[in-house]
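> Sequence and computational prediction follow.
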Amino acid sequence: MIKRAIVTGANSGLGYATAKKFCENGIKTYIIGRTKERTEQACTEMGSNAVPILFDLNNLRDIPALIEEISKEGPIDILVNNAGINMKKEFTEVTDEEFLSILHTNVCSVFAMTREVVKVMKKNGGGSIVNISSMAAQYGLPKVIAYTASKGAIETFTRGAAVELAEFGIRVNAVAPGFIKTKMVATAFESDPQRRDKVLARTPMGTLGEPSDIADAIYYYASSESKFVTGTILCVDGGNSIGF
C-alpha cells in the first residue's frame, strides 16, 4: 500500500529536499505552501507523487478542515512540520507583535497540524511525525531571540508528544539542522562573512551541510528503520553543536 505524507513549507529549501526524497521513494506527498506558482512548480519537478496544497498555516482555524480533506484520500502516515520563519533583530528592538508572530507560525501551527494529523493516525494505527528544530535550540544565538524560543519549544513539544502518543503507535522525533547550503544561508553569509567564518571554525567537519543530508535524516525517522525510536532530537550539523 502506498504511503502518504504531508510536508509543510515544502516548495523550497529543506522542505523541498525532503518532499523530493519522499516522492522518489514512492510516497504520495502533499506539498503545503503559500505561493501558488512556486508550490505548483515544485510539484511539477517532483513528479506524479507530489500534490500541491495552497495553504497559509497561520490560519489555525482552517487546519482541521485541511487535514480532514487530505485524509479523505487515505491514511496519513507521515507528517513533517518543516514550515517556519525567522527574524534577525536586536533583543530590545523586538516588539511583542513580532515575538508572537514567530511563535504563532513556528509553534502554534505545528501544534495545530500535529493535533489534527494525530486524530487521523490514531484511527489508522499509528504514524511518524518529524519536527524541525535548529542549532538555536542547542546553544545561544544572538539577534534571533524569538526564533530561539520557538525552536526550544519545538524540542520539548517533541518529547512531550512522543510520550503521550506512543501508546497509539505514533512516533514523534525532531531533526536539528546545522548550517546547510540553502539560499537563505548563502545570503546571510554574503552579508556577514565574519559569521560564516565563525560557523565553519566551530564545525569539526569544516563545511556546510547539503539539503539532502537533512532529507535523509527525516526519511530515516519516517521509515520503519526507526520503528523503535521516538522522542529524540537528531543534530545533523557536522558536529557544530559540540564543536569548539
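Sure, I can see it. Numbers count the residues shown, from 1 in each chain.
> least trustworthy helix or strand in this protein by mean pLDDT?
helix 183-191 (a mean of 83; mean pLDDT, DSSP states H and E).
> For stretch 142-149, buried residues please.
144-149 (16 or more other CB atoms under 10 Å). No exception for glycine: its C-beta is placed from N, CA and C like everyone else's.
> ends of stretch 218-237, how far apart?
Length of stretch 218-237, first residue to last, CA to CA, to the nearest Å: 14 Å.
> contacting residues around it?
Residues from elsewhere that reach stretch 218-237 (CB atoms under 8 Å, 6 or more residues apart in numbering): 5, 18, 21-22, 25, 27, 77-78, 80, 128, 130, 133, 135, 137-138, 155, 158-159, 162-163, 166, 171-179, 203, 209, 213-214, 217, 241.
> So which of these are in strands?
In strands, judged by DSSP state E, the following of those are found: 5, 78, 80, 128, 130, 171-177.
> Buried members of those residues into ChimeraX, please.
Buried residues within those, as defined by 16+ other CB under 10 Å, are selected in ChimeraX through the command that follows:
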select :5,78,80,128,130,171,172,173,174,175,176,177
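> Please produce CSV containing the ones in strands among the contacts of stretch 218-237, extended by pLDDT and distance to residue 37.
As requested, the ones in strands among the contacts of stretch 218-237 are arranged in CSV below (pLDDT from 0 to 100; distance: CB to CB, whole Å):
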residue, pLDDT, distance to residue 37
5, 98, 23
78, 98, 26
80, 98, 22
128, 98, 30
130, 99, 27
171, 99, 35
172, 99, 33
173, 99, 32
174, 98, 30
175, 98, 28
176, 98, 31
177, 97, 26
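> Would you reformat the ones in strands among the contacts of stretch 218-237 as a markdown table and include distance to residue 235?
As requested, those are arranged in a markdown table below (distance: CB to CB, whole Å):
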| residue | distance to residue 235 |
| --- | --- |
| 5 | 23 |
| 78 | 21 |
| 80 | 17 |
| 128 | 19 |
| 130 | 14 |
| 171 | 18 |
| 172 | 17 |
| 173 | 12 |
| 174 | 10 |
| 175 | 8 |
| 176 | 5 |
| 177 | 8 |
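> hmm, back to that, buried stuff in the least confident helix or strand of the chain?
Counting neighbours by 16+ other CB under 10 Å, one finds that the buried residues in helix 183-191 are 185, 188-189.
> Now render these as CSV, adding distance to residue 66.
Compiled in CSV, the buried residues of helix 183-191 are given as follows (distance: CB to CB, whole Å):
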residue, distance to residue 66
185, 30
188, 32
189, 36
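> still on that earlier bit, can you give the distance of the least confident helix or strand of the chain from its chain's centre?
20 Å (CA atoms, centre = their mean, to the nearest Å).
> Ok, stretch 186-206 next?
Relative to the centre of its chain, stretch 186-206 is centred 22 Å away, using CA atoms, centre = their mean.
> again, but for stretch 74-88
Averaging C-alpha positions (CA atoms, centre = their mean) puts stretch 74-88 5 Å from its chain's average.
> Just the endpoints, please. Distance across it?
Taking CA to CA, stretch 74-88 runs 40 Å from one end to the other.
> Could you pull out the buried residues of it?
Residues of stretch 74-88 classed as buried by neighbour count (16+ other CB under 10 Å): 75-84, 86.
> With stretch 200-214 instead?
Judged by neighbour count (16+ other CB under 10 Å), stretch 200-214 contains these buried residues: 200, 202-203, 208-209, 211-214.
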